[in-house]
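S.K.: A predicted structure for the sequence below; I have some questions about it.
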Amino acid sequence: MENKQMLEGLLPTTVLAEEAAASITDGDTFDHNNSASSSSVTFAVIFSTLVAMSGEYAYGNAVGYSSPAKTGIMEGLGLSLAEYAVFGSAMTLGGTLGAVFSGKIADLVGRRVVMGISEVFCIIGWLAIALSKDALWLDLGRFLVGCGSGVLVYVVPVYVVEITTKNIRGAFTSLTTVMICFGKALMFVIGSLINWRTSALIGAIPCVLQLLGVFFIPESPRWLAKTNRMKEFEAALQCLRGKSADISQESADITEYTEYLKQISDGGILNLFQRRYINPLIVGTGLMLLREFVGLNGFSFYTSVIFESAGFPSTVGSIAVAVLETLAATMGVLFIDKSGRRPLLLISAAGTCLACVITGLSFFLQDFHVGKDLTATLVLIGVLVFFVSFDLGLGGIPWIIVSETFPVNIKGSAGSLVNLINWTSSWVVAYTFIFLFEWNSAGTFFIFAIIGGAGTLFIAKLVPETKGRTLEEIQASMT
């Protein structure tokens, strides 16, 4: 009630403003039919999204690099399995460091600039890998790629969420998963055919393209409004919605809600733990923990190892994974703004749980020497079901929800926190998986299955639906 009175005092006393105030504070959906920008899909939005998404494609390249390069790197540099595990996890360690600064840096210099800075780290990292003569330079290069990726996986969906309108926001932002999957698939195919050093050089290409592209896209209007650069805010919003579009209502809504947020919080790290932010914080951290501890990096970084251990041709299995992943991610894009975020997340979490049970069962049967062909078939089914299920929802939707639910005044601090949790969890899984797998293959996947089951209940109970609502409506209803 106190917040509502404060907001009503801030907004102009017009019928339209009173309607907006009621909607923002009570969480009801409102739509102004005279807003020409409410459904705009312009060249500027499409081009800006593609430039941003090239960062996710580059991240997909980095994720898909380690599996096909494993044999070549270990033989070429004489690495042991433990040393290669360090290389595999170095990216997630770098991502953890990047995550610490991701939100604050994006708030300080802007979404567009930070994408360019991140790609500089990635380019240097790929060059270090390609030219490495020993494990030190190899790990350093992977670490730097991780540092850049740790920022990109946060700032890209934030940028796309902030430049798109509510009716296309889900589909455009979920392209992150498609680009990651496509990047992984293409890098796996390339890495299986050519030298690992050449693959590293190819991995730097999308980084260079995004670095050049950020000079030709507008900054996030919401970030510009937050930093009081109002002329640039209006210009960026007009560019994104089209020269002839009426942006007056959208501009007023963003400006009013941004001013309202400035009155209640300065966005410091301690403010995250205020009662009003508990809901988005629990949802964001819970989804990040789930997407990693359900076994993502175990399946992603060691796909070949899993297939080979079950007696299935790793190249055939990995190519099948790459194709189905891309198809599943594309399906997610098509359905996210129709079915909503929650149904896809529930299907995704339940599917990964089932996949881990199937994969664990296959290795359980293998331990008892029951049907070699059956074991190989079950592993293939389990791995394919995992990746299809994961990319349908858990792959990209958690980042969308995090970008949608945190208000702009705490987005920097909150983004850094949930991104740090994501990358720390990612590192734990990436580093420990190979040792857990050697200890007890079946048990490893059964642990992941339990986490997937618990995550399904978490989504059903706590994660809100955000489709078809403006960012201001979503954030007000949760805080």
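M.R.: On my side now, so go ahead. Numbers count the residues shown, from 1 in each chain.
S.K.: any idea where the helices of the stretch 151-300 of the chain begin and end?
M.R.: Taking DSSP state H, counting those that start in this stretch as the criterion, the stretch 151-300 of the chain contains helices spanning 169-173, 175-193, 196-203, 205-213, 221-226, 230-241, 248-264, 278-293, 296-301.
S.K.: out of the ones you listed, which comes closest to T96?
M.R.: With Cβ to Cβ, the closest approach to T96 among those belongs to helix 278-293: 11.4 Å. For glycine as for every other residue, the C-beta is placed from the backbone atoms N, C-alpha and C.
S.K.: tell me what that closest one is packed against?
M.R.: Applying 3 or more Cβ pairs under 8 Å, 6 or more residues apart in numbering; DSSP states H and E, one finds that helix 278-293 makes contact with helix 397-405, helix 411-439, helix 441-462, helix 471-478.
S.K.: How about exporting it as CSV, limited to the C-alpha atoms?
M.R.: Only the C-alpha atoms of helix 278-293 are listed here, as CSV (Å, rounded to 0.1, in the frame of the first residue of the first chain):
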residue,chain,number,x,y,z
ILE,A,278,13.2,-12.5,-1.8
ASN,A,279,10.9,-14.0,-4.4
PRO,A,280,12.9,-13.2,-7.6
LEU,A,281,16.1,-14.1,-5.7
ILE,A,282,14.9,-17.5,-4.8
VAL,A,283,13.5,-18.2,-8.3
GLY,A,284,16.7,-17.0,-10.0
THR,A,285,19.2,-18.8,-7.8
GLY,A,286,17.0,-22.0,-7.7
LEU,A,287,16.8,-22.2,-11.5
MET,A,288,20.5,-21.6,-11.9
LEU,A,289,21.4,-24.3,-9.4
LEU,A,290,18.9,-26.7,-11.1
ARG,A,291,20.2,-26.2,-14.7
GLU,A,292,23.8,-27.0,-13.6
PHE,A,293,23.4,-29.7,-11.0
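S.K.: Quick one: residues contacting P157.
M.R.: T173, T176, G396, W399, I400, V402, S403 (Cβ atoms under 8 Å, 6 or more residues apart in numbering).
S.K.: Closest to F448 out of those residues?
M.R.: G396 (19.7 Å).
S.K.: Now for that closest one: which residues touch it?
M.R.: Counted by Cβ under 8 Å, 6+ apart, G396 has contacts P157, T173, S174, T176, T177, I180, A329, G332.
S.K.: Which of those residues are buried, as a PyMOL select command?
M.R.: PyMOL command restricting the contacts of G396 to the buried ones, with burial defined by 16 or more other Cβ atoms under 10 Å:
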select buried, resi 157+173+174+176+177+180+329+332
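S.K.: In TSV: the contacts of G396, plus distance to I124.
M.R.: What follows is the contacts of G396, written out as TSV (distance: Cβ to Cβ, whole Å):
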residue	distance to I124
P157	24
T173	28
S174	30
T176	24
T177	27
I180	21
A329	29
G332	33
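S.K.: Reformat the contacts of G396 into a markdown table and put distance to F448 and pLDDT next to each item.
M.R.: Formatted as a markdown table, the contacts of G396 follow (distance: Cβ to Cβ, whole Å; pLDDT from 0 to 100):
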| residue | distance to F448 | pLDDT |
| --- | --- | --- |
| P157 | 25 | 89 |
| T173 | 26 | 83 |
| S174 | 24 | 81 |
| T176 | 23 | 85 |
| T177 | 20 | 81 |
| I180 | 20 | 88 |
| A329 | 20 | 81 |
| G332 | 21 | 79 |
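S.K.: And the next helix or strand past the host helix or strand of G60?
M.R.: Using DSSP states H and E, G60 sits in helix 43-77. Using DSSP H and E, the helix or strand that follows helix 43-77 in sequence is helix 81-109.
S.K.: what would the helices of the stretch 151-300 of the chain look like in JSON lines with distance to K411?
M.R.: Listed next are the helices of the stretch 151-300 of the chain as JSON lines, based on distance: least, Cβ to Cβ, whole Å:
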{"stretch": "helix 169-173", "distance to K411": "15"}
{"stretch": "helix 175-193", "distance to K411": "17"}
{"stretch": "helix 196-203", "distance to K411": "30"}
{"stretch": "helix 205-213", "distance to K411": "22"}
{"stretch": "helix 221-226", "distance to K411": "9"}
{"stretch": "helix 230-241", "distance to K411": "16"}
{"stretch": "helix 248-264", "distance to K411": "10"}
{"stretch": "helix 278-293", "distance to K411": "10"}
{"stretch": "helix 296-301", "distance to K411": "24"}
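S.K.: So which of those is nearest L417?
M.R.: Per Cβ to Cβ, nearest to L417 of the helices of the stretch 151-300 of the chain: helix 278-293, 7.4 Å.
S.K.: Q263: neighbouring residues, count only.
M.R.: 12 (other Cβ atoms under 10 Å).
S.K.: mind checking how far it is from S477?
M.R.: 19 Å (Cβ to Cβ, to the nearest Å).
S.K.: in which helix or strand would I find the closest residue to I105 other than its chain neighbours?
M.R.: The shortest distance from I105 to any non-neighbouring residue, by Cβ to Cβ, 6 or more residues apart in numbering, is to V114 (5.2 Å). Assessed by DSSP H and E, V114 sits inside helix 111-131.
S.K.: Which other helices and strands does that helix contact?
M.R.: Under the contact criterion of 3+ Cβ pairs under 8 Å, 6+ apart, helix 111-131 touches helix 43-77, helix 81-109, helix 135-163, helix 196-203, helix 205-213.
S.K.: any idea which of the helices and strands packed on helix 278-293 is most buried?
M.R.: helix 397-405 (a mean of 26; mean count of other Cβ atoms under 10 Å).
S.K.: Can you dump the C-alpha atoms of that helix in CSV for me?
M.R.: Extracted as CSV, the C-alpha positions of helix 397-405 are listed here (Å, rounded to 0.1, in the frame of the first residue of the first chain):
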residue,chain,number,x,y,z
ILE,A,397,14.4,-20.0,-20.0
PRO,A,398,16.2,-19.5,-16.6
TRP,A,399,18.2,-16.7,-18.1
ILE,A,400,15.0,-15.2,-19.6
ILE,A,401,13.2,-15.3,-16.2
VAL,A,402,16.2,-13.8,-14.4
SER,A,403,16.3,-11.0,-16.9
GLU,A,404,12.6,-10.4,-16.6
THR,A,405,12.0,-10.6,-12.9
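S.K.: between the helices and strands packed on helix 278-293, which one is nearest to G76?
M.R.: helix 411-439 (19.7 Å).
S.K.: and the closest one, average pLDDT?
M.R.: For helix 411-439, the mean per-residue pLDDT is 85.
S.K.: Tell me the gap between it and the middle of its chain.
M.R.: 13 Å (Cα atoms, centre = their mean, to the nearest Å).
S.K.: again with stretch 457-471
M.R.: 17 Å.
S.K.: now swap in stretch 192-201 and tell me
M.R.: Taking mean C-alpha positions (Cα atoms, centre = their mean), stretch 192-201 and its chain are 26 Å apart.
S.K.: right, so the helices and strands packed on helix 111-131: which one is the most enclosed?
M.R.: Scoring those by mean neighbour count under mean count of other Cβ under 10 Å gives helix 135-163 as the most buried, with a mean of 26.
S.K.: so what's L361 closest to, chain neighbours aside?
M.R.: L378 (6.3 Å).
S.K.: Tell me which helix or strand that neighbour sits in.
M.R.: Using DSSP H and E, L378 sits within helix 372-389.
S.K.: And the helix holding V114, what's buried?
M.R.: Here helix 111-131 shows 111-112, 114-116, 118-119, 121-130 as buried, counting by 16+ other Cβ under 10 Å.
S.K.: No more questions from me, cheers.
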